[in-house]
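# build me a model from this:
(chains A and B)
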Amino acid sequence: MRRRVARAFARHERLRLGLELSAPIAWLVVIYIGSLVALLVTAFYRLKTDPTGLITTIDSTLHLDNIRRLWDESVYRTTALRTLESAGIVTVVDAAVALPLAFYMAKVASRPARRALVVAVTMPLWAGYLVKGYAWRALLDPSGGALHEIFGHTPGFGFASTTIVLSYQWFPYMVIPLYAGLDRLPDSLLEASTDLGAKAGRTFRSVVLPQLRPAIVAGSIFTFSLTLGDFYMNRIVGGTNEFIGNVVYREFSVNLPFAAAYSLVPVAIMVVYLLVARATGALEEL
Amino acid sequence: MKRYHHAAIGALVLVLFAAACGSSSKGTGSNATSGGSTSVPTLQAIGKGEGSLSVLAWPGYAENGSTEKDVNWVTPFEQATGCKTTVKTFGTSDEAFNLFHTGAYDVVSASGDSSLRSVANGDAAPINTKLLTNYNDLWVNLRAKRWNTVNGVVYGVPHGWGANLLMYNANVVKPAPTSWSVVFDSKSPYKGKVTAYDSPIYIADAALYLMKHQPDLKITDPYALDDTQFTATINLLKQQHSIVGEYWSDYLKEQEAFTKQSLVLGTTWQVITNLVQGDKTAPPVKAVIPSEGSTAWSDSWELYAKTKHPNCAYMWMNWITKPDVQAQVAEWFGEAPANLKACALTKAKDHCSIYHASDQSFYNKLYYWTTPTAKCVDGRTDVTCKSYADWTAAWDQIKGS
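Down below sits the predicted model:
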């Protein structure tokens, strides 16, 4: 019996492949896609409250109530725009700081220095996200934090601090793709540009940047989407500031369908972002 | 062709999930409504223990030595009753309410902002107080109150309580505040250093303030707010939002902020004040009940309606209300014990006086948390009041403003 099964497997390659892949594919479909679909469907359920206002049940027929509430009540739009603004700033700041650093790492630094820099850039990822958050809280504290002591000024706890700390948290995710992109860029291109009389700025604009675009897009996908989904830094250094995630976290235990509906907003934003990235052709070159 | 194939599979997955989710939600829905009919009948005598018990509690209420080695009243309970006890803690009342609804827990330490919801949806069972050995020793002001008793039927055994006080940094806040106005006034000199409790139930604090300062609104109970009263309260909280530096729900967060002085003024619990006062690096802080009075919380043990371990559950409720255990819990958690016989057994002899455990005049200034319902809890029948669901939705508006 066992031999017959073995023979069948040996003869039918596709059968073998199918069995081998079935577990990971099942995982992908059930856990990964399944949870997203569940989220999507739940967003169209609604919370029904009995006349006393005490008993709430989830009505699993499909309605647009949650979407309407998101649209009608301006606070949710304001919070979404605030989150989007922070994600934009984080991405721009990270790209602006990471570009020269990555260029130095890939094109200027000696081998040992390059290796040391790669380690230095990725090292913060070894420390916990919360640990870094609380360390920043100590730095930013408006009453006697390190920044206040040294510079006499700190942005205090709020939107600015959250954005600064998130820029720090996601910085490695921008540097590494840029470094990889620049590493692939042949030095000869830069030399050719210089030979043709281009100054550094022109070479950067006309040679480096176009070649580097897919890497920038890759890095920005990380910084942008991670910021969109973040809620905990607001709790540590955000003061009273709130992002989409904070509202989702609060509503999750009270009104699950509404929380699901609101969490579709960052998903939708990311889909648009990826479509735009694809339209510019950046994704094909990754 | 291949493309269509993929689309078809995608659609199939979607439909399957929709179906699965739909049916499961309907399942819980019907459970909730039929909860009453399948409930275990109220126990008439405590029999032999079932050998196990699942406790859902605020952190600090059911300690088994895992937090600190010597802080343990669960293991002695297990040894005395043979009920192997698992403890699950929760962070907010909403979390407690949802976890209790899953049916995985036999008892829960419910605060007033969730207790009545559990009664209404059939999760909490009536309690036979004749089986409670310590019931008559529990402070009379906590027994059979609106947050643990419905239509005369007791659903909750008092555990302990505390008032929401006004804490201030005595170095910075001068003169010493006597009114909550310092945390609500938009022109407060302490702008950016004010704190408030991060939960919809905090709306009651603002309602209490308006009850005393805007008599024309005719608020008689901070938990019974009609449309006009509710709007005025929410507006006050939105105004407060501009002077709040940080909201707190985790008490360590408030302790840290007051110690480092990034916050100097706001609502607190006695235990947080004690912690800050005990820290030598912290500024001097004081906690008072302002002239308007204050809101307060009182937690009660509720019993799951379909519990498979009713005997162990009653044994637990008897254990946790015993004077010596009450003394341990009250000191560890930092609250007033419900059982006044505990006052003689606390390590700190002044524990009960610090927490005003049996202080009638203190009690008279308090408005205990209860769940707001559409039927006004102050007895008005000519208007509808805002229910807890409305309070939660409003909290989004306040926090996002």
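
# mind listing the helices for the stretch 251-400 of chain B?
In the stretch 251-400 of chain B, the helices defined using DSSP state H, counting those that start in this stretch lie at B:251-260, B:270-277, B:310-320, B:323-333, B:351-354, B:360-363, B:388-400.

# chain A: which of the ones you listed is closest?
Of all the helices of the stretch 251-400 of chain B, helix B:388-400 sits nearest to chain A, with 3.9 Å by Cβ to the nearest Cβ. (Glycine included, C-beta is placed from N, CA and C.)

# how many other residues sit next to the closest residue to B:Ala104 other than its chain neighbours?
Nearest residue to B:Ala104 in three dimensions, chain neighbours excluded: B:Ser54, at 6.3 Å (Cβ to Cβ, 6 or more residues apart in numbering or on different chains). Neighbour count of B:Ser54, defined by other Cβ atoms under 10 Å in any protein chain shown: 23.

# show me what from the stretch 1-150 of chain A comes close to chain B.
A:29, A:33-34, A:37-38, A:41-42, A:45, A:47, A:49-60, A:73, A:75-76, A:78-79, A:141-144 (Cβ under 8 Å from any Cβ of the partner chain).

# that older thread, now the helices of the stretch 251-400 of chain B in JSON lines, with mean neighbour count and mean pLDDT?
Below are these laid out as JSON lines (neighbours: other Cβ atoms under 10 Å in any protein chain shown; pLDDT from 0 to 100):
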{"stretch": "helix B:251-260", "mean neighbour count": "20", "mean pLDDT": "92"}
{"stretch": "helix B:270-277", "mean neighbour count": "20", "mean pLDDT": "92"}
{"stretch": "helix B:310-320", "mean neighbour count": "24", "mean pLDDT": "97"}
{"stretch": "helix B:323-333", "mean neighbour count": "21", "mean pLDDT": "95"}
{"stretch": "helix B:351-354", "mean neighbour count": "17", "mean pLDDT": "95"}
{"stretch": "helix B:360-363", "mean neighbour count": "13", "mean pLDDT": "95"}
{"stretch": "helix B:388-400", "mean neighbour count": "22", "mean pLDDT": "92"}
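
# list the contacts of residue 222.
Because you didn't say which chain, this covers chain A. A:Trp170, A:Tyr173, A:Met174, A:Pro177 (Cβ atoms under 8 Å, 6 or more residues apart in numbering or on different chains).

# um, chain B though
Neighbours of B:Pro222 in contact, by Cβ under 8 Å, 6+ apart: B:Ala204, B:Asp205, B:Ala207, B:Leu208, B:Met211, B:Thr295, B:Tyr367.

# from memory the first one sits against B:Tyr223, does it?
Meaning B:Ala204. Yes: if you go by Cβ atoms under 8 Å, B:Ala204 and B:Tyr223 touch, sitting 5.8 Å apart.

# which neighbours do these two share?
B:Tyr367, B:Trp369.

# rewinding a little: out of the contacts of A:Phe222, which one sits closest to B:Ala344?
Checking those against B:Ala344 by Cβ to Cβ gives A:Trp170 as the nearest, at 57.1 Å.

# I'd say A:Asn66 and A:Val265 touch.
No: with contact defined as Cβ under 8 Å, A:Asn66 does not reach A:Val265; the gap is 11.0 Å.

# residues of the helix or strand hosting A:Leu178 that come out buried?
Assigned by DSSP states H and E, A:Leu178 belongs to helix A:159-184. Residues A:159-179, A:181-182 are the ones in helix A:159-184 that count as buried (16 or more other Cβ atoms under 10 Å in any protein chain shown).

# do stretch B:341-360 as well
Applying 16+ other Cβ under 10 Å to stretch B:341-360 flags B:Lys341, B:Ala342, B:Cys343, B:Leu345, B:Thr346, B:His351, B:Cys352, B:Tyr355, B:His356, B:Ala357, B:Ser358 as buried.

# quick check: the last one touching B:Ala344?
So that's B:Ser358. No: the pair B:Ser358 and B:Ala344 does not pass the contact test of Cβ under 8 Å, sitting 11.7 Å apart.

# where does the stretch 151-286 of chain A dip in pLDDT?
Along the stretch 151-286 of chain A, segments meeting pLDDT under 70 span A:284-286.

# residue of it with the smallest distance to chain B?
A:Ser253 (4.1 Å).

# do the same with the stretch 1-150 of chain A
A:Gly53 (2.2 Å).

# check the separation of the first and last residues in stretch B:54-65.
One end of stretch B:54-65 sits 16 Å from the other (Cα to Cα, to the nearest Å).

# now do that stretch, average pLDDT.
Mean pLDDT, stretch B:54-65: 95.

# ok, the residue in the stretch 101-250 of chain B that chain A sits nearest to - contacts?
Residue nearest to chain A within the stretch 101-250 of chain B: B:Ala120 (3.7 Å; Cβ to the nearest Cβ). Taking Cβ under 8 Å, 6+ apart, we find B:Ala120 in contact with A:Asp50, A:Thr52, A:Leu54, A:Ile55.

# which pLDDT value goes with the closest residue in space to the third one that isn't next to it in sequence?
Residue nearest to A:Leu54 in three dimensions, not counting chain neighbours: B:Ala120, with 3.7 Å by Cβ to Cβ, 6+ apart. Among the per-residue scores, B:Ala120 holds a pLDDT of 90.

# what values do phi and psi take at B:Ala120?
phi -60, psi -40 (degrees, to the nearest 10).

# would you map the strands across the stretch 151-300 of chain B?
Ranges of strands in the stretch 151-300 of chain B, per DSSP state E, counting those that start in this stretch, are B:153-154, B:157-163, B:165-169, B:194-197, B:244-248, B:265-268, B:285-288, B:294-303.

# helix, strand or coil for the residue of the stretch 1-150 of chain A closest to chain B?
Here A:Gly53 is recorded as coil under DSSP: H, G, I helix; E, B strand; the rest coil.

# count of neighbours near whichever residue of chain B sits closest to chain A?
Residue nearest to chain A within chain B: B:Ser387 (2.2 Å; Cβ to the nearest Cβ). B:Ser387 is flanked by 21 other residues according to other Cβ under 10 Å.

# doesn't A:Leu47 make contact with it?
No: look at B:Ser387 against A:Leu47 with Cβ under 8 Å: they stay out of range, at 11.9 Å.

# quick one, domains of the chain?
Defaulting to chain A. A:2-59, A:66-279 (automatic domain parsing).

# that's the wrong chain, I wanted chain B
If you go by automatic domain parsing, chain B breaks into B:52-160+B:298-355, B:165-268+B:372-400.
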